[in-house]
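Student: this one's structure only:
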């Protein structure tokens, strides 16, 4: 903050006015020091997220909703039916399918 009656108004070559509140700020500006590297400047504080209240800190984001989609070879209704089946029934089906595959391999030999 620059109080009334203090500091200098420095106009850069590109015409942008810069208010220099102290000789320290003037000296560092004329040395072309980057304000973001000076810990006591507002630029550094903004860059490193200092002094932000906790209410503004949390970013709101929209939660993505999960959507079930059909897979090639199975419709959505078939997938839901399989999910609703009891685990014992499904494991029995799996074992029966494995036995059938083993039997087929055995017959081919």
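Tutor: Nice, I can see it. Just so it is clear, the model here is predicted, and its values are computed rather than measured.
Student: Run through who's touching the longest helix along the chain.
Tutor: Counting residues, the longest helix found in the chain (DSSP state H) is helix 87-108. Applying C-beta atoms under 8 Å, 6 or more residues apart in numbering, the contact partners of helix 87-108 are residue 82. The C-beta positions use only the backbone N, C-alpha and C, and glycine is treated the same way.
Student: make it 6 Å
Tutor: Outside helix 87-108, no residue is within contact range by C-beta atoms under 6 Å, 6 or more residues apart in numbering.
Student: wait, what's in contact with residue 33?
Tutor: Contacts of residue 33 (C-beta under 6 Å, 6+ apart): none.
Student: just to revisit the earlier point, give me the distance from the longest helix of the chain to the chain's centre.
Tutor: On the basis of C-alpha atoms, centre = their mean, to the nearest Å, helix 87-108 sits 46 Å off its chain's mean C-alpha point.
Student: So which bits of it are buried?
Tutor: Of the residues in helix 87-108, none count as buried by neighbour count, 16 or more other C-beta atoms under 10 Å.
Student: Could you pull out the helices in the protein for me?
Tutor: Counting by DSSP H, one finds helices in the chain at the ranges 23-30, 42-47, 54-57, 76-84, 87-108.
Student: Quickly, which of the ones you listed bottoms out on average pLDDT?
Tutor: In terms of average pLDDT, helix 54-57 trails the rest of the helices of the chain, at a mean of 61.
Student: Distance-wise, check the residue nearest the centre of the chain relative to residue 67.
Tutor: Centroid-nearest residue in the chain, with C-alpha atoms, centre = their mean: residue 61, separated by 9.4 Å. Shown here: residue 61 relative to residue 67, a distance of 18 Å by C-beta to C-beta, to the nearest Å.
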